[in-house]
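Student: Let me see the structure of the following:
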Amino acid sequence: MDPVVAERIRNDIESNDIVLYMKGTPVFPQCGFSAQAVQILNMLGTPFKGVDVLADPGIRQGIKDYSNWPTIPQLYVKGEFIGGCDIMREMLQSGELQKTLARKGIATNPAAK
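Tutor: Down below sits the predicted model:
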């Protein structure tokens, strides 16, 4: 893995409470899975940094290498890799995503609990 790319990823993850590596941007997702991930985070009312992997091929491959996870989107909360869209959806439905955010000190929209 390119050390410059690894450092950019590490810096993003360490500098932001929630980071979503996605295809497109939070305002204009470029795939259905990224759109669902954005929708989940928006529903919870949690601010997050979106990183468009389509804008940088190094980041696109680099985040997969960094997490050892083959797909995009990828969600990180307080430096911890949570998973992709399906895992986010399952965690939301079970209430585990809200619990994880609360445990890490991140406020969510009370209506989402």
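
Student: buried sites along the strand or helix carrying Ala35?
Tutor: Under the criterion of DSSP states H and E, Ala35 resides in helix 32-44. Neighbour-count burial for helix 32-44, counted by 16 or more other Cβ atoms under 10 Å, picks out 33-41, 44. Any C-beta I mention is one placed from the backbone N, CA and C, and that applies to glycine too.

Student: quick check, nearest of those residues to Cys85?
Tutor: Nearest to Cys85 among the buried residues of helix 32-44, counting by Cβ to Cβ, is Phe33 at 4.0 Å.

Student: related to what we said a few turns ago, which helices and strands sit right next to the helix holding Ala35?
Tutor: Judged by 3 or more Cβ pairs under 8 Å, 6 or more residues apart in numbering; DSSP states H and E, the packing partners of helix 32-44 are strand 18-22, helix 85-94, helix 96-103.

Student: Between helix 85-94 and it, find me the angle.
Tutor: 30 degrees (axes from the mean of the first three to the mean of the last three Cα atoms, to 10 degrees).

Student: Among the buried residues of helix 32-44, which pair sits farthest apart?
Tutor: Once Cβ to Cβ is applied, these give Phe33 and Leu44 as the farthest pair, at 17.1 Å.
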